[in-house]
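*Asks:* predicted model, plus sequence, below.
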Amino acid sequence: MLTILRNADLYAPEPLGTRTLVLGGERVLWVGAEGDLDVDPRLVAEERDLGGALVIPGLVDCHAHTTGGGGEAGAETRVPAPSLGDFTRHGVTSVVGMLGTDGETRSMAEVLARTRALRTEGLSAWCLTGGYHLPPATLTGSLRGDLVHLDAVVGIGELALSDFRSSQPAFDELLRVASEAQVGALLAGKKGVLHLHLGDGERGLELVRRALDESELPARLFHPTHVNRRRGLFDEALHLAERGATIDVTAFPVAEGEDAWSAPDAVERYLDAGLAPERLTVSSDSGGCLPHFDGEGHMTHMDVGAADCLLGTIAELCGPAGRGRALADVLPIFTSNPAGHLGLGGPLNSKGRLDPGSDADLVVLDGQLCATDVMARGRWHVKRREQLLRGTFELPRH
């Protein structure tokens, strides 16, 4: 049966103007002008006039801790796993999960199981193998094996660099892990990405620059994240993007006067630098601990990443009270860029876009760029601001 959405101000993510969408079988079947539509009404299960509301592809969150992160100050600081609604209420319909600092009480098996659970509950979900530390946490015994044999695994990460919590990988070790991503992806027919956690250390992206200078590994393989945590680090990341790498900005809170760029600041600086627009992604670190440490490395307090920061960043950049950026310039950074970089839509490029043949993942926005309706894989998860579908153990919100 079909769902017809009429009178949508459609961004696919490029602006297409007022369009009608026909959805069925978890796919976008047709996009066009109202007068061109000819459908047998007996096939229509639902028909809605959206009244000119903005419709965008579902957001693709390429960095989340789907099993929960944290643990940097003891077991009681382990962050609980985000629920299905923690993503869908905020317009996220595709997510990539990974291990963080804690690869001891959490495991790659747990990450894969959570990925499967989110898929069963209606989200599109994938994961990375390896985690912060070396030797890496794997299921098959090798990073390459996980990439080849586990369909849900789309890359390696988040391997930590320039952070006192990392395993302090040497240059040759980084090359070896990157080669596992490269060769494993070739054998599996995947894009292959080495997703790199960047800490506050002064070495910054030094090892990645050396890898590009001294090896045959391609720049597209490296995907450093948290690059806006220090302003100097962000400048390094811009130079890396010039060389062909895709960089990931984290939408974490930034205090006044802090030596960091907020996600909106970082996006503006990237776009104004004239760099390739497809080489920038923004992620939430949802479910991850956002710790603050003293000079001796003891955690003083912590925040927790949440997926609402993605639409919040878009609203700050493009909303009516925002910075005046064009939605068409910003939206791919949250949709088609991460989907394309990680190969989440397969050869059909079915994620992060709203074309005929794409997956039926979409978000309806109000005038403040807040989500009113969210569809994932052809099913309404949120409708007229009401969450219809919940995770297996997710309690109703009051």
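*Replies:* Ah, there it is.
*Asks:* and the helices in the stretch 1-150 of the chain, which stretches?
*Replies:* Along the stretch 1-150 of the chain, counting by DSSP state H, counting those that start in this stretch, helices occupy 84-88, 108-121, 143-149.
*Asks:* pick the most buried one from the ones you listed.
*Replies:* Stretch with highest mean neighbour count among the helices of the stretch 1-150 of the chain: helix 84-88 (a mean of 26; mean count of other CB atoms under 10 Å). For glycine as for every other residue, the C-beta is placed from the backbone atoms N, C-alpha and C.
*Asks:* what does that helix rub up against?
*Replies:* 61, 64, 93, 95, 118, 121-123, 286-287, 306-307, 374, 376, 381-382, 387, 389-391, 394, 397 (CB atoms under 8 Å, 6 or more residues apart in numbering).
*Asks:* return the helix or strand in the chain with minimum mean pLDDT.
*Replies:* Among the helical and strand segments of the chain, the one scoring lowest on mean pLDDT, DSSP states H and E is strand 289-293, with a mean of 75.
*Asks:* helices or strands up against it?
*Replies:* strand 299-304 (3 or more CB pairs under 8 Å, 6 or more residues apart in numbering; DSSP states H and E).
*Asks:* quick check: angle from the strand it packs on to strand 289-293?
*Replies:* 160 degrees (axes from the mean of the first three to the mean of the last three CA atoms, to 10 degrees).
*Asks:* return the distance of the helix or strand just after strand 299-304 from the chain's centre.
*Replies:* Using DSSP states H and E, the helix or strand that directly follows strand 299-304 along the chain is helix 308-318. On the basis of CA atoms, centre = their mean, to the nearest Å, helix 308-318 sits 14 Å off its chain's mean C-alpha point.
*Asks:* likewise stretch 56-64?
*Replies:* Distance, centroid of stretch 56-64 to centroid of chain: 5 Å (CA atoms, centre = their mean).
*Asks:* what pLDDT, on average, does it get?
*Replies:* Taken as a whole, stretch 56-64 has an average pLDDT of 98.
*Asks:* what do you get for stretch 187-199?
*Replies:* The model assigns stretch 187-199 a mean pLDDT of 96.
*Asks:* before we move on, back to that, ok, of the contacts of helix 84-88, which come out buried?
*Replies:* 61, 64, 93, 95, 118, 121-123, 286-287, 306-307, 374, 376, 381-382, 387, 389-391 (16 or more other CB atoms under 10 Å).
*Asks:* in space, what's closest to Leu2 - neighbours in sequence excluded?
*Replies:* Using CB to CB, 6 or more residues apart in numbering and skipping the chain neighbours, the partner closest in space to Leu2 is Gly24 (4.5 Å).
*Asks:* what strand or helix carries Leu389?
*Replies:* Per DSSP H and E: Leu389 is located in neither a helix nor a strand.
*Asks:* shouldn't it be in contact with Lys383?
*Replies:* No. Between Leu389 and Lys383 there is no contact, the gap being 9.6 Å when judged by CB atoms under 8 Å.
*Asks:* which stretches in the stretch 151-300 of the chain count as strands?
*Replies:* Taking DSSP state E, counting those that start in this stretch as the criterion, the stretch 151-300 of the chain carries its strands at 153-161, 194-198, 222-225, 247-250, 280-283, 289-293, 299-304.
*Asks:* so the chain: which segments form each domain?
*Replies:* Here the domain parsing of the chain from automatic domain parsing is 2-56+349-387, 58-342.
*Asks:* so how far does the shortest one reach from one end to the other?
*Replies:* With CA to CA, to the nearest Å as the measure, the ends of domain 2-56+349-387 fall 21 Å from one another.
*Asks:* what strands line up against the least confident helix or strand of the chain, and which way round?
*Replies:* Neighbouring strands of strand 289-293 in its sheet, by DSSP bridges, are strand 299-304 (antiparallel).
*Asks:* how many residues are close by Glu258?
*Replies:* Per other CB atoms under 10 Å, the neighbour tally for Glu258 reads 12.
*Asks:* list the contacts for it?
*Replies:* With CB under 8 Å, 6+ apart, Glu258 has no contacts at all.
*Asks:* for the biggest helix by length in the chain, which positions count as buried?
*Replies:* Longest helix of the chain, by residue count under DSSP state H: helix 171-188. By neighbour count on 16+ other CB under 10 Å, the buried set for helix 171-188 is 174-175, 177-182, 184-185, 188.
*Asks:* and what of stretch 218-232?
*Replies:* Applying 16+ other CB under 10 Å to stretch 218-232 flags 219-230 as buried.
*Asks:* any chance of the residues you listed in a markdown table, plus pLDDT?
*Replies:* As requested, the buried residues of stretch 218-232 are arranged in a markdown table below (pLDDT from 0 to 100):
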| residue | pLDDT |
| --- | --- |
| Ala219 | 97 |
| Arg220 | 97 |
| Leu221 | 98 |
| Phe222 | 98 |
| His223 | 98 |
| Pro224 | 98 |
| Thr225 | 98 |
| His226 | 97 |
| Val227 | 98 |
| Asn228 | 98 |
| Arg229 | 96 |
| Arg230 | 97 |
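*Asks:* JSON lines for these, including distance to His292?
*Replies:* Converted to JSON lines, the buried residues of stretch 218-232 look like this (distance: CB to CB, whole Å):
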{"residue": "Ala219", "distance to His292": "32"}
{"residue": "Arg220", "distance to His292": "33"}
{"residue": "Leu221", "distance to His292": "32"}
{"residue": "Phe222", "distance to His292": "27"}
{"residue": "His223", "distance to His292": "25"}
{"residue": "Pro224", "distance to His292": "21"}
{"residue": "Thr225", "distance to His292": "18"}
{"residue": "His226", "distance to His292": "14"}
{"residue": "Val227", "distance to His292": "19"}
{"residue": "Asn228", "distance to His292": "16"}
{"residue": "Arg229", "distance to His292": "12"}
{"residue": "Arg230", "distance to His292": "14"}
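*Asks:* thanks a lot, catch you later.
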